[in-house]
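> could you work out the structure for the sequence below:
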Amino acid sequence: MQPALVKVIPMFLGIALIILAWLGVVYYVEHADPYIRDVLALEGDAERGQEIFVMNCATCHGLLGKGEVGPSLQHVSSRKSDVGLIHQVVSGDTPPMPQFQPSEQDMADLLEFLERL
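Have a look, this model is predicted:
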(Lines give C-alpha, C1' and ligand atoms only; values in the text may rest on other atoms or scores of the structure.)
Protein backbone atom coordinates (compact mmCIF):
# COMPACT_ATOMS: atom_id res chain seq x y z
CA MET A 1 0.00 0.00 0.00
CA GLN A 2 1.27 3.47 -0.83
CA PRO A 3 2.25 5.72 2.10
CA ALA A 4 -0.21 8.44 1.04
CA LEU A 5 -3.10 5.98 1.21
CA VAL A 6 -2.07 4.89 4.69
CA LYS A 7 -2.61 8.49 5.86
CA VAL A 8 -5.80 9.17 3.86
CA ILE A 9 -7.77 6.03 4.73
CA PRO A 10 -7.92 6.71 8.52
CA MET A 11 -8.97 10.30 7.80
CA PHE A 12 -11.86 9.15 5.59
CA LEU A 13 -12.88 6.53 8.14
CA GLY A 14 -12.87 9.20 10.86
CA ILE A 15 -15.05 11.51 8.77
CA ALA A 16 -17.43 8.66 7.99
CA LEU A 17 -17.73 7.84 11.71
CA ILE A 18 -18.46 11.48 12.57
CA ILE A 19 -21.17 11.64 9.90
CA LEU A 20 -22.73 8.39 11.11
CA ALA A 21 -22.67 9.61 14.71
CA TRP A 22 -24.35 12.89 13.69
CA LEU A 23 -27.04 11.03 11.76
CA GLY A 24 -27.60 8.83 14.80
CA VAL A 25 -28.07 11.87 17.03
CA VAL A 26 -30.54 13.43 14.58
CA TYR A 27 -32.45 10.15 14.32
CA TYR A 28 -32.52 9.79 18.10
CA VAL A 29 -33.77 13.34 18.66
CA GLU A 30 -36.49 12.98 16.04
CA HIS A 31 -37.70 9.64 17.38
CA ALA A 32 -36.98 9.82 21.12
CA ASP A 33 -38.81 13.07 21.86
CA PRO A 34 -42.54 12.30 21.61
CA TYR A 35 -43.46 15.97 21.06
CA ILE A 36 -41.10 16.32 18.08
CA ARG A 37 -42.15 12.93 16.70
CA ASP A 38 -45.83 13.87 16.94
CA VAL A 39 -45.32 17.31 15.37
CA LEU A 40 -43.38 15.86 12.43
CA ALA A 41 -46.11 13.25 11.85
CA LEU A 42 -48.78 15.92 11.39
CA GLU A 43 -49.66 17.88 8.28
CA GLY A 44 -49.46 21.61 8.91
CA ASP A 45 -51.86 24.29 7.70
CA ALA A 46 -49.98 27.44 6.64
CA GLU A 47 -53.03 29.66 7.04
CA ARG A 48 -53.50 28.59 10.66
CA GLY A 49 -49.74 28.85 11.11
CA GLN A 50 -49.87 32.46 9.99
CA GLU A 51 -52.56 33.20 12.60
CA ILE A 52 -50.37 31.62 15.29
CA PHE A 53 -47.37 33.60 14.02
CA VAL A 54 -49.27 36.91 14.08
CA MET A 55 -50.52 36.29 17.63
CA ASN A 56 -47.24 35.04 19.11
CA CYS A 57 -44.26 35.95 16.94
CA ALA A 58 -44.96 39.03 14.79
CA THR A 59 -44.34 41.55 17.58
CA CYS A 60 -40.63 40.69 17.49
CA HIS A 61 -40.17 39.16 14.04
CA GLY A 62 -42.51 41.46 12.08
CA LEU A 63 -45.77 40.61 10.32
CA LEU A 64 -43.87 39.30 7.30
CA GLY A 65 -41.09 37.71 9.34
CA LYS A 66 -38.52 40.23 8.12
CA GLY A 67 -37.30 40.97 11.63
CA GLU A 68 -37.90 43.78 14.10
CA VAL A 69 -36.53 43.17 17.59
CA GLY A 70 -36.01 39.51 16.69
CA PRO A 71 -34.11 38.28 13.64
CA SER A 72 -35.56 37.85 10.18
CA LEU A 73 -37.31 34.55 9.62
CA GLN A 74 -37.38 34.90 5.85
CA HIS A 75 -36.16 31.59 4.38
CA VAL A 76 -35.55 30.26 7.91
CA SER A 77 -36.47 26.72 6.82
CA SER A 78 -33.44 26.74 4.52
CA ARG A 79 -31.20 27.60 7.48
CA LYS A 80 -32.71 25.37 10.17
CA SER A 81 -34.23 21.91 10.12
CA ASP A 82 -37.76 21.34 11.37
CA VAL A 83 -36.29 19.76 14.51
CA GLY A 84 -34.10 22.84 15.00
CA LEU A 85 -37.07 25.18 14.55
CA ILE A 86 -39.17 23.19 17.01
CA HIS A 87 -36.35 23.32 19.55
CA GLN A 88 -35.93 27.07 19.00
CA VAL A 89 -39.63 27.71 19.65
CA VAL A 90 -40.14 25.48 22.68
CA SER A 91 -36.80 25.72 24.50
CA GLY A 92 -36.44 29.37 25.45
CA ASP A 93 -32.67 28.86 24.98
CA THR A 94 -32.20 32.14 23.11
CA PRO A 95 -33.33 35.07 25.25
CA PRO A 96 -35.10 37.39 24.85
CA MET A 97 -37.27 34.91 22.94
CA PRO A 98 -39.66 33.39 25.46
CA GLN A 99 -40.33 29.70 25.84
CA PHE A 100 -43.45 28.79 23.89
CA GLN A 101 -45.25 25.44 24.07
CA PRO A 102 -47.81 25.21 21.28
CA SER A 103 -49.87 22.09 20.81
CA GLU A 104 -48.46 19.57 18.36
CA GLN A 105 -50.92 20.69 15.67
CA ASP A 106 -50.20 24.39 16.26
CA MET A 107 -46.46 23.70 15.95
CA ALA A 108 -47.00 21.75 12.71
CA ASP A 109 -49.07 24.67 11.38
CA LEU A 110 -46.40 27.18 12.40
CA LEU A 111 -43.69 25.09 10.68
CA GLU A 112 -45.76 25.02 7.49
CA PHE A 113 -46.12 28.81 7.59
CA LEU A 114 -42.41 29.35 8.30
CA GLU A 115 -41.53 27.12 5.36
CA ARG A 116 -43.32 29.60 3.07
CA LEU A 117 -41.65 32.75 4.37
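> helices of this structure, start to end?
3-32, 34-41, 46-56, 58-61, 82-91, 104-116 (DSSP state H).
> how about a markdown table for those, with mean neighbour count and mean pLDDT added?
No exception for glycine: its C-beta is placed from N, CA and C like everyone else's. What follows is the helices of the chain, written out as a markdown table (neighbours: other CB atoms under 10 Å; pLDDT from 0 to 100):
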| stretch | mean neighbour count | mean pLDDT |
| --- | --- | --- |
| helix 3-32 | 10 | 72 |
| helix 34-41 | 15 | 94 |
| helix 46-56 | 16 | 98 |
| helix 58-61 | 17 | 95 |
| helix 82-91 | 17 | 93 |
| helix 104-116 | 21 | 98 |
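> can you redo those as TSV with distance to residue 97?
Shown next, in TSV, are the helices of the chain (distance: least, CB to CB, whole Å):
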stretch	distance to residue 97
helix 3-32	20
helix 34-41	18
helix 46-56	11
helix 58-61	7
helix 82-91	8
helix 104-116	14
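> out of these, flag the one nearest residue 75.
Nearest to residue 75 among the helices of the chain is helix 104-116 (9.5 Å), distances taken as CB to CB.
> just checking, what packs against that closest one?
On a contact count with 3 or more CB pairs under 8 Å, 6 or more residues apart in numbering; DSSP states H and E, helix 104-116 meets helix 34-41, helix 46-56, helix 82-91.
> want to throw those into JSON lines with distance to residue 13?
Compiled in JSON lines, the helices and strands packed on helix 104-116 are given as follows (distance: least, CB to CB, whole Å):
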{"stretch": "helix 34-41", "distance to residue 13": "31"}
{"stretch": "helix 46-56", "distance to residue 13": "43"}
{"stretch": "helix 82-91", "distance to residue 13": "27"}
